[in-house]
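Novice: My questions are about this predicted structure, shown below with the sequence.
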Amino acid sequence: MIRSEQLSQLQNTEKWDVIIIGGGASGLGTAIDAASRGYKTLLLEAVDFAKGTSSRSTKLVHGGVRYLEQGNIHLVREALKERGLLAQNANHLVKNQSFVIPNYHWFGGYFYTFGLKIYDLLSGRLSLGSSKYLSKKKTIELLPNVEENGLANGVIYHDGQFDDSRLAINMAQTAVENGACVLNYIKVVHLVKDEKNQIIGVQAVDQETGIKYDLKGSAIVNATGVFTNAIMKLNDTVYKKYIVPSQGIHLVFDKSFLPGENALMIPKTKDGRVLFAVPWHNHIVVGTTDTLIKKQSLEPIALESEIQFVLETAQRFLAKKPTRADVLSVFAGLRPLAAPEEEGKSTKEVSRSHKIIVSETGLITITGGKWTTYRKIAEDIIDKAIKTGKLPKKECRTEHLSIHGNQPTNSFDRENHLYIYGTDIPKIIELMENEPELKERLHPNYEFTLAEVVWAIRYEMARTVDDILARRVRLLFLDARAAIEVSEKTARLIAKELGHDEAWIIQEIANFRQISRGFLLSEFQ
């Protein structure tokens with residue numbers, strides 16, 4: 001996936017069948033769906049792939065135990081099917097994760113065992129494993145740092161765990177391999193309409209060169225997530241809210257707070273939300289919150305009240321109590337929830353189901369949805385474009401389509417940190433052998449190498465320090481201070497690869513420092 005090649009494809013194509021605005025989970029999924037059906041497909045992302053919500057999830061591919069409790073059987077069944085398909089289509093990134101629910105009331109064990117048996121049944125033959133009731137002794141054995149005081153019993157169940165932005169990069173590569181043109185740092189600034197007020201294309205600007213492109217397309221898809229309302233302002237004459245952003249935050253700790261392989265799940269916190277503590281890249285991710293936010297932002301900041309809530313809840317259920325000083329990174333993400341019909345609904349009641357809106361102008365907009373169901377969302381979007389007469393009918397082909405990096409067997413070693421590259425592992429090793437200086441570690445405390453940085457620049461369209469340290473190698477999400485320490489080294493590598501000068505390096509380091517401040521907890525004290 002080389003940016004110069006994608007740019008020349010952009011410049012040499014007169015008209016597209018499908019133009020997708022937005023390079024998050026839904027947009028990239030739609031690009032794969034459209035391209036694999038044989039449509040001429042273009043995807044434009046204003047910043048970097050998965051820069052927004054899609055890199056800031058709880059790292060779970062799940063049916064949603066909470067939605068089961070709300071009685072949303074349809075969403076749970078759909079998500080469980082997609083979870084199973086994703087585990088097959090991207091098995092290098094999606095792993096079977098066992099979750100333990102500790103119960104502090106004897107009744108909890110029976111209640112959750114029953115509920116989770118229904119969850120297992122709904123997943124059918126795509127089940128990842130069956131749920132079981134656990135004694136107090138077994139619960140402590142599986143969660144070595146669980147709070148034992150008052151513990152009655154536990155329940156174990158299975159769900160999927162993944163690396164979100166790595167999947168997004170692999171999805172972009174998959175779209176390209178299927179013939180799509182996929183570009184980051186190209187921002188749509190105008191929707192082009194004909195005399196009948198129908199959308200016939202977009203005007204976009206390359207953020208790096210300032211070059212403007214007028215691009216014609218049959219079906220135009222708005223998959224901009226929390227920025228949906230901004231694109232709708234370009235489209236509508238009357239302003240209406242299409243999405244409500246809800247913020248979820250996560251705190252990242254070292255492994256000592258949850259040793260072992262199992263994740264912790266608290267089904268009922270004091271605000272009625274679910275709390276997860278999930279092993280991820282040899283760290284623990286703890287979250288999440290659900291806070292209605294007035295304004296969307298590319299760099300949402302965790303609120304003090306959210307940090308307190310996650311810390312206090314984690315302290316209640318863990319014997320070794322995490323404190324502010326133990327937080328290695330804090331990240332906030334905005335969920336683009338479909339705006340409810342009636343006012344005043346709390347965000348945890350707003351449906352996570354996706355909604356496709358076709359405007360009078362013909363613009364197709366996706367709102368809501370979740371990472372797990374991205375493939376189904378994409379299928380529905382392209383089916384909708386066919387139904388509205390924008391595209392000739394062609395069948396969806398993604399159900400068993402392998403994502404770039406997928407391996408037919410689970411033959412890779414998850415102990416090796418390179419496992420996330422799947423079938424690209426040998427190429428990264430070859431890069432290190434050809435250029436031995438790239439074997440050097442990016443940071444002495446982490447296994448990431450300079451080869452991974454160079455790989456991201458050459459073949460994964462990384463353009464900035466943030467692209468690399470936040471979304472290609474996940475250092476900013478794992479340890480914000482370590483990421484800041486290696487920002488200059490990373491900037492110099494990019495400059496060398498892409499031919500930037502010293503002034504660019506200085507500016508780039510400053511930009512990254514500004515971004516990374518939001519991931520540091522000390523900044524809030």
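Specialist: On my side now, so go ahead.
Novice: Neighbours of Val205, how many?
Specialist: Val205 has 18 neighbours, counted by other CB atoms under 10 Å. All C-beta atoms are positioned from the backbone trio N, CA, C, and that covers glycine.
Novice: Help me confirm that it is found in a strand?
Specialist: Yes. Applying DSSP: H, G, I helix; E, B strand; the rest coil, one finds Val205 inside a strand.
Novice: Confirm that Lys196 sits in a strand.
Specialist: No. Assessed with three-state DSSP, Lys196 is coil; it does not lie in a strand.
Novice: in the helix or strand containing Ala491, what's buried?
Specialist: Using DSSP states H and E, the element containing Ala491 is helix 487-498. Neighbour-count burial for helix 487-498 flags 487, 490-494 (criterion: 16 or more other CB atoms under 10 Å).
Novice: before we move on, what about stretch 108-126?
Specialist: Those would be 108-109, 112-113, 115-117, 119-120, 122-123, for stretch 108-126 by 16+ other CB under 10 Å.
Novice: Can you give me the pLDDT of the spatially closest residue to Ser57 that is not a sequence neighbour?
Specialist: Of all residues not flanking Ser57 in the chain, Asp164 sits nearest, at 4.8 Å (CB to CB, 6 or more residues apart in numbering). Looking at Asp164, its pLDDT reads 97.
Novice: Give me the residue at the spatial middle of this structure.
Specialist: In the chain, the C-alpha nearest the mean C-alpha coordinate belongs to Ser54, at 2.9 Å (CA atoms, centre = their mean).
Novice: which SS class is it?
Specialist: Going by three-state DSSP: Ser54 is helix.
Novice: rewinding a little: next secondary structure after the helix holding Ala491?
Specialist: helix 502-517.
Novice: Check which helices and strands that next one sits against.
Specialist: Applying 3 or more CB pairs under 8 Å, 6 or more residues apart in numbering; DSSP states H and E, we find helix 502-517 packed against helix 465-466, helix 480-485, helix 487-498.
Novice: Adding distance to Thr388 and mean pLDDT, write those helices out as JSON lines.
Specialist: Converted to JSON lines, these look like this (distance: least, CB to CB, whole Å; pLDDT from 0 to 100):
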{"stretch": "helix 465-466", "distance to Thr388": "37", "mean pLDDT": "98"}
{"stretch": "helix 480-485", "distance to Thr388": "44", "mean pLDDT": "98"}
{"stretch": "helix 487-498", "distance to Thr388": "41", "mean pLDDT": "98"}
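Novice: for the protein, which spans come out with low pLDDT?
Specialist: 239, 340-352, 409-412, 522-525 (pLDDT under 70).
Novice: dump the residue contacts of Asp413.
Specialist: Tyr419 (CB atoms under 8 Å, 6 or more residues apart in numbering).
Novice: so which helix or strand takes in it?
Specialist: Using DSSP H and E, no helix or strand contains Asp413.
Novice: Which residue of the chain lies farthest from its centroid?
Specialist: Glu195 (38.7 Å).
Novice: Tell me how far it lies from Leu311.
Specialist: Distance from Glu195 to Leu311, counting by CB to CB, to the nearest Å: 58 Å.
Novice: go on, Val188?
Specialist: For Val188, the distance to Leu311 - CB to CB - is 40 Å.
Novice: Can you pick out the residue with more neighbours from these two?
Specialist: Taking other CB under 10 Å, Val188 and Leu311 do not tie; Val188 has more neighbours (24 against 19).
Novice: mind saving the C-alpha coords of the host helix or strand of Leu85 as CSV?
Specialist: Per DSSP H and E, Leu85 falls inside helix 73-89. Taking Å, rounded to 0.1, in the frame of the first residue of the first chain, the C-alpha atoms of helix 73-89 are listed here in CSV:
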residue,chain,number,x,y,z
ILE,A,73,-31.4,-10.0,20.8
HIS,A,74,-31.1,-9.1,17.1
LEU,A,75,-28.0,-6.9,17.7
VAL,A,76,-26.4,-9.6,19.9
ARG,A,77,-27.0,-12.4,17.4
GLU,A,78,-25.7,-10.3,14.5
ALA,A,79,-22.6,-9.2,16.4
LEU,A,80,-21.9,-12.8,17.5
LYS,A,81,-22.0,-14.0,13.9
GLU,A,82,-19.7,-11.2,12.8
ARG,A,83,-17.4,-11.9,15.8
GLY,A,84,-17.1,-15.5,14.5
LEU,A,85,-16.5,-14.5,10.9
LEU,A,86,-13.8,-11.9,11.9
ALA,A,87,-12.0,-14.6,14.0
GLN,A,88,-11.8,-16.6,10.8
ASN,A,89,-11.0,-13.8,8.4
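Novice: now for it, which elements pack on it?
Specialist: Short answer (3+ CB pairs under 8 Å, 6+ apart): helix 73-89 packs on strand 60-61, helix 65-69, helix 106-123, strand 153-161, helix 374-387.
Novice: And the last one, what's buried?
Specialist: Looking back up the chat, that one is helix 374-387. Quick answer for helix 374-387 (16+ other CB under 10 Å): 374-386.
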